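S.K.: how would this look folded up:
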Amino acid sequence: MPPPVRPPGSDVTQLYGPEFAADPYGTYERLREYGALAPVEISPGVGAMLVTDYRAALDLLHDPETWSKDSRTWMQSAPEDSPVLPMLAWRPNLFFSDGDAHERYRSAVTDAFERIPAHELRTAVVEFADSLIAKFGEKGEADLMAEYARVLPLMLFNRLFGLPDSYSEQLITALAGVWEGRTAEEASAAGAAFEGYVGELMAAKKQARGEDLTSWFMDHPAGLSDEEVMHQTVITMGAGHEPTANLIANALARMLTDDRYYSTLSGGALTPLDAIHDVLRNEPPIANYSAHFPKRDVYFHGTWIRRGQLVMVSYAAANTQHGRMEPGASGGASGSGGGSHLAWAAGPHSCPVQQPATLIATTAIERLTAWLSDIELTVRHDELTYRNGPFHRALTCLPARFTPISPDQPGATPWESRESRPREERRTPAAPAR
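M.R.: Numbering: from 1, shown residues only. Now for the predicted structure:
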C-alpha cells in the first residue's frame, strides 16, 4: 500500500483562526501535499481527516455501506465543551442517520418543501426584500451582509415554519452563534436560544396547525414523534438559513466587483444565476462538512482510517482541485456557471432542497439589483474579510453604496431614484482582485 505523498508531521493544520479565514484556499493547496486526505484540526483538541480530492469525495459520499453519518461513537472521544459539537453531535435527524431512518426523515423534509409553490416562495422573497431595501434605501449605503443577506432568509424561514415576523431577531442571533464556533460558552448560549425559539414554535403548532413546514412535519405519513419533528425543524433551519445567507452575500460580492455584471443590472450577458453558479463552484458557502465515520477500519485513497474516526469533505478544496476562478476572471456565462461541483454535497445525503435555495438566493439578488441599479462595493474584493470557523465561507460584512432611493409615498414601494448620476462617477478607483 503506497504511503501518503507527505507523511503527517507533528503540526496539524488548523481550519480555524484568522489565518485560515483570510486564505483558506492556500491552506487547501498545502493540504493536498498529503494526498486525497489530510489531517486537520477543526477546533482546539478536535482532529479530523479532510477529503480534498474530488474523486475521493464522490466515492465517500456515494458509499453508505462503508461510511456512516452516526456520530455517537466519535462523540465518546470528543471534548464535551468543544464549540464545534453543535455542528457534529448526533441527533435523530436526516443529517446524522443512516438507512431507513434517514429515508424517513428526508421524505418528511422533501415532501413538506414540495408543498410550497415556487411562485409563492418567490413572492415571499420579494416582499421581504422590498421591506429590507426600504429600511436602508434612503441612506445610499448599507452593509449588505448584516442588513440584507443575513436577515432575508431568516425572515423567510421564520414565516415558512409558522411564527410571526417578530421572532426573527431571536432566530438570527441564535443561529449566528451556532455557526461561529468560537467558544464553548457562546455555542452553549446560542444553542439554548435556538432551543427556546423552536420550543415556542412547537408549542404554537401543537395548539393550532397552519399552512407551514412545522405543521406538515407533524402531520407527515412518516409519523414523526414530537422530538423528531423538533430535530427536523432545527436542522432544516440551520442548514437552510446560514448557507443561503452566505450564498447571497458571496454572489453579490463577486457581481459587484466584476465589470461583466454591470450591464446585467439593467439587462446583460451575465445574470445573478451565473453569480450563484460561480460561487457554488469557486467559493461554496459551506466549505467543509459532510461528517462521515467509517463503519470499520478502511484503507481509503491511500490512507488508513479507523472505525468511528471523523472524516469531513472539503467541498471548497474538491471543487477547486484543478484551479479556482478568482472574482472578475474568465468570461461568459459558461465560465462562471460551467463545471460540476460539490457545493450541495452528493449521494443519499445531498441537499434535499437545492431548487428552493437557488430560487431564494437568485430572487434576493435580482430584487436588490433591480431597485439599486448602480450599487457597488466600497472596497475591493480582496479587502473583504471573512468570519472565523471551519465549516463556512461567510463574510463579516459587505459594504456597498448606491444612489439613495425613497418611496413614492410613505410606506409604499416601488421607489424612484433621486440624485441619479452615471455609474462611472461612482466607481471605486481600485480594480478588483485578480
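
S.K.: could you use CA atoms for every contact and neighbour count after this?
M.R.: OK.

S.K.: in this protein, where is pLDDT below threshold?
M.R.: When residues are selected by pLDDT under 70, those of the chain lie in 1-10, 176-184, 187, 262-269, 328-339, 407-434.

S.K.: what residues sit buried inside the lengthiest helix in it?
M.R.: What stands out as the longest helix in the chain, according to DSSP state H, is helix 226-255. Using 16 or more other CA atoms under 10 Å as the burial criterion, the residues of helix 226-255 that qualify are 228-238, 240-255.

S.K.: what's the answer for stretch 108-120, then?
M.R.: Neighbour counts over stretch 108-120 (16+ other CA under 10 Å) mark 108-109, 112-113 as buried.

S.K.: return that stretch as PDB; C-alpha atoms alone will do.
M.R.: The C-alpha trace of stretch 108-120 is given here as PDB (Å, rounded to 0.1, in the frame of the first residue of the first chain):
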ATOM      1  CA  ALA A 108     -40.700  14.400   5.600                       C
ATOM      2  CA  VAL A 109     -38.500  17.400   4.700                       C
ATOM      3  CA  THR A 110     -38.600  17.000   0.900                       C
ATOM      4  CA  ASP A 111     -42.400  16.400   0.900                       C
ATOM      5  CA  ALA A 112     -43.000  19.400   3.000                       C
ATOM      6  CA  PHE A 113     -41.000  21.700   0.800                       C
ATOM      7  CA  GLU A 114     -42.700  20.400  -2.300                       C
ATOM      8  CA  ARG A 115     -45.900  21.700  -0.900                       C
ATOM      9  CA  ILE A 116     -44.600  25.300  -1.300                       C
ATOM     10  CA  PRO A 117     -45.400  26.600  -4.800                       C
ATOM     11  CA  ALA A 118     -42.400  28.200  -6.400                       C
ATOM     12  CA  HIS A 119     -44.400  31.400  -7.300                       C
ATOM     13  CA  GLU A 120     -45.500  31.700  -3.600                       C
END
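
S.K.: what does that stretch rub up against?
M.R.: Stretch 108-120 is touched from outside by 213, 216-217, 220-222, 232, 236, 352-353, 356, with contacts defined as CA atoms under 8 Å, 6 or more residues apart in numbering.

S.K.: where does the residue nearest to residue 228 when sequence neighbours are not counted sit: helix, strand or coil?
M.R.: Excluding its sequence neighbours, the residue lying closest to residue 228 (CA to CA, 6 or more residues apart in numbering) is residue 92, at 6.2 Å. Recorded secondary structure, residue 92: coil (DSSP: H, G, I helix; E, B strand; the rest coil).

S.K.: got the phi/psi numbers for residue 92?
M.R.: Note on residue 92: its backbone torsions stand at phi -80, psi 70 [degrees, to the nearest 10].

S.K.: compute the number of surrounding residues for residue 207.
M.R.: Per other CA atoms under 10 Å, the neighbour tally for residue 207 reads 7.

S.K.: what are the ranges of the strands in the stretch 151-300 of the chain?
M.R.: Ranges of strands in the stretch 151-300 of the chain, per DSSP state E, counting those that start in this stretch, are 288-294, 298-300.

S.K.: now these in TSV, with distance to residue 49?
M.R.: TSV is the format used below for the strands of the stretch 151-300 of the chain (distance: least, CA to CA, whole Å):
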stretch	distance to residue 49
strand 288-294	10
strand 298-300	11
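
S.K.: would you mind giving those strands as JSON lines with mean neighbour count added?
M.R.: Listed next are those as JSON lines, based on neighbours: other CA atoms under 10 Å:
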{"stretch": "strand 288-294", "mean neighbour count": "23"}
{"stretch": "strand 298-300", "mean neighbour count": "13"}
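
S.K.: assumed residue 135 was part of a helix.
M.R.: Yes. Looking at residue 135 with three-state DSSP, it is inside a helix.

S.K.: separation between it and residue 249?
M.R.: To residue 249, residue 135 is 18 Å away according to CA to CA, to the nearest Å.

S.K.: before we move on, what about residue 229?
M.R.: 30 Å.

S.K.: so how far is residue 12 from residue 310?
M.R.: Computed with CA to CA, the distance linking residue 310 and residue 12 is 15 Å.
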